[in-house]
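# Dropping the sequence and predicted coords here.
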Amino acid sequence: MNKTASPRADIYQTVTDSIVAAIEAGAGEWRMPWQVKPGEAAAAMPINAASKKAYRGVNVLNLWIAAQAAGYPAGIWATYKQWQELGAQVRKGEKAALVVFWKVFDNGEQEDDAGRDEDQDAGAQGRRFMARGYHVFNCAQVDGFDAPSLPQPAEPERIDAAEAFFAAIGADIRHGGNRAFYSPAGDFIQMPPFPVFCDAVAYYATLAHEGTHWTGHPARCARDLKGRFGCEAYAAEELIAELGAAFLCAELSLASEPRPDHAAYIASWLKVLKGDKRAIFTAAGKAQAAADWMHARQATEEAARQAA
């Protein structure tokens, strides 16, 4: 008897399709879906209304895209049941956004769901990872919930926070010339002089992009993409760097303008995403790991200052 396909939507394909569609829709104006234009609110990290925790990885991208498409002013999300438990009610006819939850099983442990749309791979030490899709609604889609006002720090505070953040990661950051790049051979970041940028935010967004590249060094995140992406490794690394920069800009409350080199990478990014439905998950996960590594350096630097 032939096995029939699961009626559930493929989680990877659904999320990837939405991201590809958002990139294609914005490609004409050189704008990526995880960035904002001047005058718009800074891209805040989406959070769960019940747990108060920020979403991570590919869920950040998917919720940013959903919020941008619908014009939601706040990135506060929850499942239908969670909103009910909070005393709110999702309005009839509202469309949900998809998020992915990863569950870890040890060998021998039975799943509590008979569905087979999840990704099951043997992980380290016999562990298996399963992806399950959940539907969430934005706070703008419910009645009975008053979204808190989002704090917008003054410009000098945001810039000071960015200065302190990048100083603490310990990178060799050099200034001069008219190019921004990370040199793997010399293990340094090269940046044009600060005054040549159109504004301070453009400088920090560029530094975040190159800083994400810098974390790929073997002594840091040891990011090797050739085995995973083959000849598309360069395009995948550029996508990871831009996602990492987007995560950092959001966490530092920085709004970023589109980088002028976006158009050159759009075609290769789309080729990677369309050719591999799991590529965006890998890229988002590695971008999150890079951001986490840089955040961990903040605590290390603070401990060193206190010990001095």
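Received it, and whenever you're ready, just let me know what you need.

# just the strands in the stretch 51-200 of the chain please.
76-79, 89-90, 97-106, 121-122, 127-138, 142-143, 173-175, 181-183, 188-191 (DSSP state E, counting those that start in this stretch).

# For the ones you listed, could you give me a markdown table that also reports mean pLDDT and distance to A208?
(Glycine included, C-beta is placed from N, CA and C.) What follows is these, written out as a markdown table (pLDDT from 0 to 100; distance: least, CB to CB, whole Å):
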| stretch | mean pLDDT | distance to A208 |
| --- | --- | --- |
| strand 76-79 | 96 | 24 |
| strand 89-90 | 97 | 35 |
| strand 97-106 | 82 | 24 |
| strand 121-122 | 38 | 31 |
| strand 127-138 | 85 | 26 |
| strand 142-143 | 97 | 33 |
| strand 173-175 | 96 | 12 |
| strand 181-183 | 96 | 12 |
| strand 188-191 | 96 | 11 |
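
# Just name the most buried of the ones you listed.
Counting by mean count of other CB atoms under 10 Å, strand 76-79 has the highest mean neighbour count of the strands of the stretch 51-200 of the chain, with a mean of 23.

# Not counting its own residues, what contacts that strand?
With CB atoms under 8 Å, 6 or more residues apart in numbering as the test, strand 76-79 has contacts from 46-50, 55, 63, 86, 97, 99, 134-139, 147.

# How far away from the center of its chain is that strand?
The chain centre lies 17 Å from the centre of strand 76-79; the measure is CA atoms, centre = their mean, to the nearest Å.

# Which neighbours in the sheet does that strand have, and how are they oriented?
With DSSP bridges as the test, strand 76-79 is paired with strand 47-48 (parallel), strand 127-138 (antiparallel).

# Give the other helices and strands that the biggest helix by length in the chain contacts.
Looking across the chain with DSSP state H, the single longest helix is helix 279-307. Helix 279-307 makes packing contacts with helix 11-26, helix 58-70, helix 155-168, helix 200-214, helix 233-251, helix 262-275 when contacts are defined by 3 or more CB pairs under 8 Å, 6 or more residues apart in numbering; DSSP states H and E.

# what's around R91, how many residues?
R91: 11 surrounding residues under other CB atoms under 10 Å.

# so who does it touch?
Q141, V142, D143.

# quick check: domain ranges of the chain?
Split into domains by automatic domain parsing, the chain comes to 45-143, 155-307.

# So which of these is nearest Y12?
Relative to Y12, the nearest member of the domains of the chain by CB to CB is domain 155-307, separated by 4.4 Å.

# chain center to that closest one: distance?
Worked out by CA atoms, centre = their mean, domain 155-307 lies 12 Å from the chain centre.

# What's the separation between E94 and A78?
Distance from E94 to A78, counting by CB to CB, to the nearest Å: 12 Å.
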